[in-house]
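In: no sequence for this one, just the structure:
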Ligand SMILES: Cc1cc2nc3c(=O)[nH]c(=O)nc-3n(C[C@H](O)[C@H](O)[C@H](O)COP(=O)(O)OP(=O)(O)OC[C@H]3O[C@@H](n4cnc5c(N)ncnc54)[C@H](O)[C@@H]3O)c2cc1C
């Protein structure tokens, strides 16, 4: 490992790898570090993502695609089902990935573009001079090291410390943290082309249960709950109850625990010598919890902005703030709307969810889209106009 780079990216998740790749593709000297010894493992994800979005970043590869899904089913507490089915519109919507392989494949594209990738390498603090971030200190395979860079990219996920070290307020309120538990369950009867969601305050207060197929008889079965709805009973307790009800015969072969930011993006994503991408910048979707695609979008913007700034030899705060503006332009509207939608859903009683679901039962949704769903809810439930109209 050298002691000087143009860019050091901390964290080799999808956001960090795309930031590193984009910067390296533009001729920058990039170091991508990952504290774990294997990129992508352990997985903390239900692994669902949209096809169209993903293909902007990487050629689909059967080695990391477990299932192709054509739609979703949302079950209200009383069992009423809303179906969203894009196959009707002639498209196939999404993938359920094998992230252990996917994350590694994305990191390989960064390496192929010329980035140096180092695993078992953890940033432990930042080097700052006159308030400007100019490198990192850390441990590389147990040994202390220091490396300098013109810009550091914090891509260190929900547990991000890099932003805090640089003086950015990254604190998440309990109401904006979705705490999750998930089992990989095998030998169960599922619909292998659908992502299913179960709502209800008895099942998952302030959240939902998901079933994402990973094969014909295998699925990620998980549950997320907002910190503000914590009752003393943990997500894993609710998940065991769901399993006993839905899949008493299921065999659990893996357990995942983790959290997703449900706050919407940070007000500040950059400072002198540093930008934050992916979950570190809280760009995951507050209502779906999806962070793979948004993380890669922010990583690509970061790579491009840093390449321009470094080539122009202008690393002023103003220059880096172009990153904040572009991420906000790309994702801000959707994140703001879905944050408001989350705040609404979190407070919804089971009786309201049931009546909304009944009002939508039988509607032919030909697109899996949150705005379409919200608009249809308003059309069919005019009494909710005032609460929901503000979301658009
Ligand atoms: C249970 C669960 C289910 C989810 N389901 C979905 C889903 O179905 N679809 C979806 O799109 N999103 C989902 N998400 C969210 C998704 O996993 C994240 O949004 C996504 O992984 C964020 O990517 P990232 O690159 O920002 O961060 P991460 O993927 O978290 O990567 C950050 C990396 O940084 C490394 N790191 C941390 N600190 C350091 C350090 N100091 N030095 C070096 N390396 C460091 C970590 O080891 C990690 O590899 C889910 C999350 C959870 C918890």
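Out: That came in fine, so what should we check first? As the structure is a computational prediction, the values presented were derived from the model and not from experiment.

In: Which residues belonging to stretch 54-65 are considered buried?
Out: Buried residues in stretch 54-65, counted by 16 or more other CB atoms under 10 Å: 54, 57, 58, 64, 65. C-beta coordinates here come from the backbone N, C-alpha and C atoms, glycine included.

In: near the ligand, which residues of the stretch 151-300 of the chain show up?
Out: For the stretch 151-300 of the chain, the residues in contact with the ligand (CB under 6 Å from any ligand atom) are 155-157, 180, 182, 222, 256, 258-260, 278-280, 284, 289-292, 295.

In: before we move on, the earlier item: in a markdown table, list the buried residues of stretch 54-65 along with secondary structure.
Out: Converted to a markdown table, the buried residues of stretch 54-65 look like this (DSSP: H, G, I helix; E, B strand; the rest coil):
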| residue | secondary structure |
| --- | --- |
| 54 | helix |
| 57 | coil |
| 58 | coil |
| 64 | helix |
| 65 | strand |
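
In: returning to what we had before: among the residues of the stretch 151-300 of the chain next to the ligand, which ones are in strands?
Out: 180, 182, 222, 256, 258, 259, 260 (DSSP state E).

In: Just give me the closest of these to residue 14.
Out: Closest to residue 14 out of those is residue 260 (13.7 Å), distances taken as CB to CB.

In: Can you name the residues that contact that closest one?
Out: Shown in contact with residue 260 (CB atoms under 8 Å, 6 or more residues apart in numbering): 158, 177, 178, 180, 224, 279, 284, 289, 291.

In: which one of the residues you listed is nearest the ligand?
Out: Proximity of the contacts of residue 260 to the ligand (CB to the nearest ligand atom) peaks at residue 291, which lies at 1.8 Å.

In: Next, count neighbours for the residue nearest to the closest one when sequence neighbours are not counted.
Out: The shortest distance from residue 291 to any non-neighbouring residue, by CB to CB, 6 or more residues apart in numbering, is to residue 284 (3.1 Å). Number of residues near residue 284 (other CB atoms under 10 Å) recorded here: 27.

In: can you list contacts of stretch 124-142?
Out: Stretch 124-142 has contacts (CB under 8 Å, 6+ apart) with 1, 8, 10, 33, 118, 120-123, 144-152, 162, 165-166, 271-274.

In: please redo it, this time with the cut-off set to 6 Å
Out: 8, 120-123, 145-149, 152, 165-166, 272-274 (CB atoms under 6 Å, 6 or more residues apart in numbering).

In: what's the first-to-last distance across that stretch?
Out: 12 Å (CA to CA, to the nearest Å).

In: Can you give me every residue that contacts residue 66?
Out: Each residue near residue 66 by CB under 6 Å, 6+ apart is listed here: 96, 98, 214.

In: any idea how far residue 309 is from the first one?
Out: Counting by CB to CB, to the nearest Å, the gap from residue 96 to residue 309 is 37 Å.

In: Can you pick out the residue with more neighbours from the two?
Out: More crowded of residue 96 and residue 309, by other CB under 10 Å: residue 96, with 23 against 20.

In: Name the nearest residue to that one, sequence neighbours excluded.
Out: residue 67 (4.2 Å).

In: That neighbour against residue 98, yeah?
Out: No - Residue 67 is beyond contact range of residue 98, at 9.8 Å (criterion: CB atoms under 6 Å).

In: Looking at these two, which has the bigger crowd around it?
Out: Between residue 67 and residue 98, counted using other CB under 10 Å, the more crowded position is residue 67 (24 against 20).

In: So which of the buried residues of stretch 54-65 is the closest to residue 351?
Out: Nearest member of the buried residues of stretch 54-65 to residue 351, counting by CB to CB, is residue 54, at 37.7 Å.

In: Torsion angles phi and psi at the closest residue to the ligand within the stretch 51-200 of the chain?
Out: The ligand sits closest to residue 157 of the stretch 51-200 of the chain, with a gap of 2.7 Å, by CB to the nearest ligand atom. Per-residue torsions, residue 157: phi 70, psi -170 (degrees, to the nearest 10).

In: What about it, how many residues nearby?
Out: So residue 157, with other CB under 10 Å, has 21 neighbours.

In: residues contacting it?
Out: Taking CB under 6 Å, 6+ apart as the test, what residue 157 contacts is 11, 13, 279.

In: Can you give me the pLDDT of it?
Out: What the model reports for residue 157 is a pLDDT of 98.

In: Give me the nearest residue to it, chain neighbours excluded.
Out: Closest residue to residue 157 apart from its sequence neighbours, by CB to CB, 6+ apart: residue 279 at 4.7 Å.

In: That neighbour reaches residue 291, doesn't it?
Out: Yes - between residue 279 and residue 291 there is a contact under CB under 6 Å: 5.4 Å.

In: Neighbour count: the two, which is higher?
Out: The neighbour comparison of residue 279 against residue 291 (other CB under 10 Å) goes to residue 279, with 27 against 24.

In: Could you report the distance from that one to residue 232?
Out: With CB to CB as the criterion, residue 279 and residue 232 are 27 Å apart.

In: ditto for residue 62
Out: For residue 62, the distance to residue 232 (CB to CB) stands at 44 Å.

In: try residue 45
Out: 27 Å.

In: In terms of neighbours, single out the busier of these two.
Out: Neighbours were tallied for residue 45 and for residue 232 using other CB under 10 Å; the higher tally belongs to residue 45 (26 against 5).

In: what are the phi and psi angles of the more buried one?
Out: phi -170, psi 150.

In: Please apply the same query to residue 315.
Out: phi -110, psi 30.

In: go on, residue 189?
Out: Backbone torsions of residue 189, given as degrees, to the nearest 10, read phi -80, psi 120.
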